[in-house]
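**Student:** Can you look at this prediction? I've put the sequence above it.
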Amino acid sequence: MVSFGAGEPDFPTPEHIVEAAVEACTEPSNHHYTATPGLAELREAVAEKTKRDSGLVVSPSQVVVTNGAKQAVYEAFFALLDPGDEVLVPAPYWTTYPEAVALAGGVPVEVPTEEQTGFHVSVEALEAALTPATKVLLFVSPNNPTGAVLGPEEVAAVGHWAHENGLWVVTDEIYEHLVYGDRRFSSLPAMVPESVDRCIVVNGVAKTYAMTGWRVGWLIGPPDIAEAVTALQSHATSNVCNVAQQAALAALRGGMGQAHAMREEFDRRRRLIHRMLNECNGVTCVEPEGAFYAFPSVKALFGTKIAGREIASSTDVAEVSIDEAKVAVVPGEAFGAPGFLRLSYALGDLAIEEGVSRLNRLFATAE
């Protein structure tokens, strides 16, 4: 089996981070409850890192450390939404976003993007989806599952539009350091300073430092949002594991050398999988600009038969791929984008070459 499904780096957590965690286990202060919004030194480090990486100046008191960025996403919507409030969710989207909105009583409203424009969300598409019930815009760049990275002018245009329409913005910046080629990460509240009082930033150590299993993320928001989220978290989970927080602190203060090396490896794999996918029968793939996912279209296979099966959807393609080629991919239906597949390239070169070659051989039999 070759699996392209995992949304996590295949690298081990850097050694200095692991060593910090081992040492933290022996420190008695980490054996007890600590402040719900996070260790003071970690919140300070998050504020320092945010200024360094995006140019956004925040106070440590605006930071709430969460059990992974996923909890931060949920808590952001829970703090913002009243029943019936609408949230604009550009599609394709990570599967958790609309579910988190719905859990908080909101209504997710899909905003389509186009393969022809590299899945970059436009102000025109957002404007078309705007209603009197719209309260929040979800903004994600770099994007999971498409790998789209909006340029600074595009980010600024979206930010100004949201501000002019009085919307809150929840921006997920978890893939900020996984950007390739001539693309550069741009933080929306840094690009549009007037939006900071109605903007919540979600981030974490999972992707940049290969720490998905450590479950440390954070939310940065205006003081009243940080207070509300802290109150919510105090009754939900209390503080994040202190040992994991100490590991995150070591990550943020330990330099970016290994993170940059990991990004270079992803960049090489990105170019490899993009080339190979476009050589497959019935497949076209926009070049991913960030994160570690390729998002090819398989619409040209619809109406054919593969291994005797009628192909009418990307779910059909995913099913026949796993049954006949022993290759696992995620169908686009999961991301609000029927007709596409998501393939993570967070796996070794040999696995990428073998897996895509199997798909190529399988799709060549379409009739």
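**Tutor:** Looks like it arrived, so ask away.
**Student:** Please count neighbours and contacts with C-alpha atoms only from this point.
**Tutor:** Fine.
**Student:** can you map out the helices along the protein?
**Tutor:** Assigned by DSSP state H, the helices in the chain fall at 15-25, 40-54, 68-80, 96-103, 123-129, 152-164, 188-191, 223-236, 242-252, 257-278, 314-324, 349-363.
**Student:** Next, the angle helix 242-252 makes with the first one.
**Tutor:** Same thing as helix 15-25. On the basis of axes from the mean of the first three to the mean of the last three CA atoms, to 10 degrees, helix 15-25 is oriented at 150 degrees to helix 242-252.
**Student:** And for the second one?
**Tutor:** Computed with the same axes, to 10 degrees, the direction of helix 40-54 lies at 30 degrees from that of helix 242-252.
**Student:** What residues sit buried inside helix 40-54?
**Tutor:** Judged by neighbour count (16 or more other CA atoms under 10 Å), helix 40-54 contains these buried residues: 42, 43, 44, 45, 46, 47, 48, 49, 50, 54.
**Student:** so what's the fifth one up against?
**Tutor:** Residues in contact with residue 46 (CA atoms under 8 Å, 6 or more residues apart in numbering) are 60, 63, 252.
**Student:** What of the last one?
**Tutor:** Residues in contact with residue 54 (CA under 8 Å, 6+ apart) are 186, 187, 190.
**Student:** Run through the stretch 51-200 of the chain and note the low-pLDDT ranges.
**Tutor:** Counting by pLDDT under 70, the stretch 51-200 of the chain contains no low-confidence range.
**Student:** and stretch 195-207, how far apart are its ends?
**Tutor:** Length of stretch 195-207, first residue to last, CA to CA, to the nearest Å: 26 Å.
**Student:** buried ones in that stretch?
**Tutor:** Buried-residue list, stretch 195-207, by 16+ other CA under 10 Å: 195-207.
**Student:** Pick the one among those residues closest to residue 98.
**Tutor:** Using CA to CA, residue 202 comes nearest to residue 98 of the buried residues of stretch 195-207, at 15.6 Å.
**Student:** The closest one touches residue 218, doesn't it?
**Tutor:** Yes. At 6.0 Å, residue 202 and residue 218 qualify as touching, with contact defined as CA atoms under 8 Å.
**Student:** Not counting its neighbours along the chain, what's nearest the residue nearest the centre of the chain?
**Tutor:** Closest to where the C-alpha atoms of the chain average out (CA atoms, centre = their mean) is residue 144, at 4.8 Å. Leaving aside its sequence neighbours, residue 144 sits nearest to residue 94 (CA to CA, 6 or more residues apart in numbering; 5.7 Å).
**Student:** Need phi/psi at the one you found.
**Tutor:** In this entry, residue 94 is assigned phi and psi values of phi -60, psi 140 (degrees, to the nearest 10).
**Student:** picking up where we left off before, which of the contacts of residue 46 has the most neighbours?
**Tutor:** Counting neighbours by other CA atoms under 10 Å, the top entry in those is residue 63, with 30 neighbours.
**Student:** returning to that earlier point: quick one: common contacting residues for residue 202 and residue 218?
**Tutor:** Common neighbours of residue 202 and residue 218, counting by CA under 8 Å, 6+ apart, are 69, 72.
**Student:** List the buried residues for stretch 114-134?
**Tutor:** For stretch 114-134, by 16+ other CA under 10 Å, it's 115, 118, 119, 120, 121, 122, 123, 126, 129, 130, 134.
**Student:** got the contact list for that stretch?
**Tutor:** So stretch 114-134 is contacted by 84-88, 90, 92, 109, 111-113, 146, 148-150, 154, 157-158, 161, 167, 286-287 (CA under 8 Å, 6+ apart).
**Student:** Is it possible to mark the buried ones in these?
**Tutor:** Buried members of the contacts of stretch 114-134, counted by 16+ other CA under 10 Å: 85-88, 90, 92, 109, 111-113, 146, 148-150, 154, 157-158, 161, 167, 286-287.
**Student:** can you pull the contacts of the residue nearest to residue 144?
**Tutor:** Residue 94 is in contact with 144, 145, 335, counting by CA under 8 Å, 6+ apart.
**Student:** Mark which of those residues are part of strands, please.
**Tutor:** Taking DSSP state E, every one of the contacts of residue 94 sits outside strands.
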